[in-house]
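Q: Pasting the sequence and the predicted model now:
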Amino acid sequence: MTVSADYRPAPAPASVPVPAGRVVALDVFRGVAIMAVVALHTSGMGLRYAPEGSALGTALAVLNRSLLFVVPAFVFMTALVLTRSALRHFDLRRYYASRARTALLPYLLWTLLYVLFRFATGQEDAAQVREPGRWAVWLLYGKGYYHLYFLLVVLQFYAVLPLLLPLWRRRWPLWGVLLAAAVAQLAVYGLNRVDVLEFAYPATMAVWYLPTLALGMYFGANEGAFEALWARGRVWIVGVTALTLAWFLPLSLSALQEEPVSTLAFSAANWAYTAAAVLVLFGASLALAATRGRWVRALTVLGTLSLQVYLLHPALLYVMERWGFPAHPLGFAATLLGYGLAALLVPLLIARALTGTAASRWLFGR
């Protein structure tokens, strides 16, 4: 899922080669990530109905919490693709015009559509539509529906990208980038805790994703750097991901059970795990792209339509949730899997049918 796909800069100079497998890997990455998004939201739906303390409920909770890297993954990929493009050729007027058409307008439209959906389905009191304060929350914090905050996060990144580009016109060591991002992230956390920043919903702010944004911009600015890092350090990256998941998962499961958890420990573990998991996902995507198999072609198609699937699938999940679940664990699991597949495939078919139409350009910016 990316909302910058239409920005087509001038071709890169011959001195800046693009690894042949990377272009395919970007869409494979998005394809795998959007499957993880649908699995995250489907497992979250299942958790509301699984018997408390059951093996099924525990499995769904572990799966759900383990998939929390998905939004940082799309943030990472957005930063990587846009930084790479902008550093080759950048026209400020064209850039902002493109962002308005492909990101801002769809965000406003989908906020309106999902607010209306909430009213129509009884999720929101219709009287709220006349409250300016409610519209401010829906628009300024991405709260029109639970998934729309991602679009707000990338809009914030788009707004400040021109200010950040000069930093990336020179080469920085990766360790320095990671250290600076970690210090800046902890500073943001601290300033918010002492009510200097006063973020009502921190996860809707782009500065809550500084490690993955920094990694995305770093690898976008340094062609071939990730491939080199992955070739020599994949075992270490996978190991760090496993260790940070072991740190994050107990904290996240405790928070899910509404048990007291240190917000600093939870946030630090979340930033560490999601940043590491994103790198593993990118490395796996490069390896998959190199195989050029049937699954790769399917994931590539899914990746090119990931934004459309992202926007459409929550409404379908809401409808299917009304259909309920069987009492037997196997029937429950099979039904939940069916709901997840439908939430993935139906939006995909709709997106394919709308490709190239005016409706697609209005709804999805492409």
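A: Arrived safely. Not measured: the values here are computed from a predicted model. Numbers count the residues shown, from 1 in each chain.
Q: From here on, just use CA atoms for contacts and neighbour counts.
A: Fine.
Q: quick check: longest helix of the protein.
A: Counting by DSSP state H, the longest helix found in the chain is helix 225-256.
Q: For that helix, name the packing helices and strands.
A: On a contact count with 3 or more Cα pairs under 8 Å, 6 or more residues apart in numbering; DSSP states H and E, helix 225-256 meets helix 55-66, helix 263-291.
Q: Mind listing what's buried along it?
A: 226-227, 230, 234, 237-238, 240-241, 244-245, 247-249, 251-253 (16 or more other Cα atoms under 10 Å).
Q: Same question for stretch 282-295.
A: Within stretch 282-295, the residues that count as buried by 16+ other Cα under 10 Å are Phe282, Gly283, Ala284, Ser285, Leu286, Leu288, Ala289.
Q: about what we covered before: now the longest helix of the chain: average pLDDT?
A: Confidence over helix 225-256 (mean pLDDT, whole number) is 96.
Q: tell me the angle of that helix relative to helix 55-66?
A: 130 degrees (axes from the mean of the first three to the mean of the last three Cα atoms, to 10 degrees).
Q: which intervals of the stretch 1-150 of the chain have sub-threshold pLDDT?
A: 1-22 (pLDDT under 70).
Q: switch the cut-off to 50
A: Counting by pLDDT under 50, the stretch 1-150 of the chain shows low-confidence ranges at 4-21.
Q: in what helix or strand does the residue nearest the centre of the chain lie?
A: Note on the chain: the residue nearest the mean C-alpha position is Val71, at 2.4 Å, using Cα atoms, centre = their mean. Using DSSP states H and E, Val71 sits within helix 70-88.
Q: Can you give me the buried ones in that helix?
A: So, applying 16+ other Cα under 10 Å, buried residues of helix 70-88: 70-87.
Q: what does stretch 178-193 give?
A: Residues of stretch 178-193 classed as buried by neighbour count (16+ other Cα under 10 Å): Leu178, Ala181, Ala182, Ala184, Gln185, Leu186, Val188, Tyr189.
Q: picking that back up, could you give the angle of the longest helix of the chain to helix 263-291?
A: 140 degrees.
Q: chain center to stretch 115-127, what's the gap?
A: 26 Å (Cα atoms, centre = their mean, to the nearest Å).
Q: gap between the two ends of that stretch?
A: 12 Å (Cα to Cα, to the nearest Å).
Q: now swap in stretch 168-177 and tell me
A: One end of stretch 168-177 sits 11 Å from the other (Cα to Cα).
Q: who's in contact with it?
A: Residues outside stretch 168-177 that contact it (Cα atoms under 8 Å, 6 or more residues apart in numbering) are Leu87, Ala214, Leu215, Met217, Tyr218, Ala221, Asn222.
Q: buried stuff in that stretch?
A: Neighbour-count burial for stretch 168-177 flags Trp168 (criterion: 16+ other Cα under 10 Å).
Q: Check which helix or strand Ala298 maps to.
A: In this structure, Ala298 is located in helix 294-304 according to DSSP H and E.
Q: Which neighbouring elements make contact with the next helix or strand after that helix?
A: Moving toward the C-terminus from helix 294-304, the next helix or strand (DSSP H and E) is helix 306-321. Packing partners of helix 306-321 (3+ Cα pairs under 8 Å, 6+ apart): helix 20-47, helix 329-354.
Q: so helix 306-321 versus helix 329-354, what angle?
A: 140 degrees.
Q: Which residues outside helix 306-321 are in contact with it?
A: Here helix 306-321 makes contact (Cα under 8 Å, 6+ apart) with 1-3, 30-31, 34, 37-38, 41-42, 45, 110, 147-148, 339-340, 343-344, 347-348, 351, 364.
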